[in-house]
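Enquirer: mind looking at a prediction? Sequence and model below.
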Amino acid sequence: MGAHVIVTDANISSSLESNTTGVTAFSMPSWQLALWATAYLALVLVAVTGNATVIWIILAHQRMRTVTNYFIVNLALADLCMATFNAPFNFVYASHNIWYFGRAFCYFQNLFPIVAMFVSIYSMTAIAADRYVAIVHPFQPRLSALGTRAVIAGIWLLALALAFPQCFYSTITMDRGATKCVVVWPEDNGRKTLLLYHLTVIVLIYVLPLVVMLLTYSVIGLKLWRREVPKHQMHGAGLRHLRAKRKFVKTMVLVVVTFAICWLPYHFYFILGSFQEDIYYHKFIQQVYLALFWLAMSSTMYNPIIYCCLNHRFRSGFRLAFRCCPWVTPIKEDKLELTHTPSLSMRANRCHTKETFFMAGDTAPSATNGQARGPQH
């Protein structure tokens, strides 16, 4: 993972590569390289633009600053950094099998991808936990603003700790005149150490959080879809509130499923390579890796699209952010959607509605003094 030698030239004649020309046995034809470069460039542009816009929508509008949305900011920041600092540089490395970016960036490339993946998926897990508390246990205290920042900081620190071993053993080597950025594990049981580390990383940044979110959203789904709104509120705020919760859960489930699908083939590639190392000796594996890596990196660009399509407030934010584009036409309600603060009478009515829900067995969350309010999606 990270800056990884996709293919190895050990069994290929050295006459096929030249350090002076920067060409290796795995260099692609110009037309093929241009197609891959276009695909990766489009991915980076969409991911950076979309995630930067999501961060702006939340941080620039007071109404959007909720516990859940702060975790969405953390997720968007990780995806933005992954698209900026990992996708283009790893693509260049994979397309030539030569490392051009120096020793310091080699360390960074073997550290940051694991960090970003950890932050992304555990931000999703934190969102699932926050929604679980709000919907299944509405009377329990919610995370405060300070608590939210502490959780986010903890996620980043744990991510750095998990990625540190791969960064520590990173080094620059020369392979028949070509510069490589590789991870050289200790010689004693080096292959077993590599396999154990890869399996540990995959379990911690893929399998475990996905299982937790599967269970969490299953409980949330059962709670929401079994809930009944009192008859006198079937056409009022109660029904709208319930529908908004259901829609938000659907949105986050789609985000999680998209992440899982995009990263599964990439993780399988590394597991297979740990048991069948000879697959790296085939030239075709370069095309396989580029396709799998593109699919994995594409997970960074889908979330903003999902938010825009399924959430009316994010959709309003995107219209405002891109109002200079001739094909985007904001409507007058967009700014109110993000900035309007409910009046005192509306707040009182909302509190009354929630109290009625609780009396009827509903579990809508209520805000308490000194605590960050949950999202009003």
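Expert: That came in fine, so what should we check first?

Enquirer: how close does Phe71 sit to Leu146?
Expert: 15 Å (Cβ to Cβ, to the nearest Å). Backbone N, C-alpha and C define where each C-beta goes, glycine included.

Enquirer: which of these two has more neighbours?
Expert: Using other Cβ atoms under 10 Å, the more surrounded residue of Phe71 and Leu146 is Phe71, with 25 against 10.

Enquirer: sketch out the low-pLDDT regions of the stretch 151-300 of the chain for me.
Expert: Along the stretch 151-300 of the chain, the model assigns pLDDT under 70 to residues 188-190, 227-238, 277, 280-281.

Enquirer: and if you look at the stretch 1-150 of the chain?
Expert: Those would be 1-27, if you go by pLDDT under 70 across the stretch 1-150 of the chain.

Enquirer: what sits against the one residue sitting closest to the centre of the chain?
Expert: By Cα atoms, centre = their mean, the mean C-alpha position of the chain lies nearest to Ser120, the distance being 3.8 Å. By Cβ atoms under 8 Å, 6 or more residues apart in numbering, the contact list for Ser120 reads Leu75, Ala78, Asp79, Met82, Phe259, Ser299.

Enquirer: the residues you listed in strands, which ones?
Expert: Within the contacts of Ser120, no residue falls in strands by DSSP state E.

Enquirer: are any of these buried, and if so which?
Expert: Leu75, Ala78, Asp79, Met82, Phe259, Ser299 (16 or more other Cβ atoms under 10 Å).

Enquirer: inside helices: which ones of the contacts of Ser120?
Expert: Leu75, Ala78, Asp79, Met82, Phe259, Ser299 (DSSP state H).

Enquirer: so which bits of stretch 307-327 are buried?
Expert: 307-308, 310-311, 313-321.

Enquirer: and stretch 48-55, by the same measure?
Expert: Neighbour-count burial for stretch 48-55 [16+ other Cβ under 10 Å]: Val48, Thr49, Gly50, Asn51, Ala52, Thr53, Val54, Ile55.

Enquirer: helix or strand for the third one, which one?
Expert: Under the criterion DSSP states H and E, the helix or strand holding Gly50 is helix 30-59.

Enquirer: so where do the helices sit in the protein?
Expert: Counting by DSSP H, the helices of the chain are 30-59, 67-85, 87-96, 102-136, 145-168, 190-202, 208-226, 237-275, 284-310, 312-321, 333-339, 344-359.

Enquirer: of the ones in helices among the contacts of Ser120, closest to Phe248?
Expert: Closest approach between the ones in helices among the contacts of Ser120 and Phe248, by Cβ to Cβ: Leu75, at 14.5 Å.
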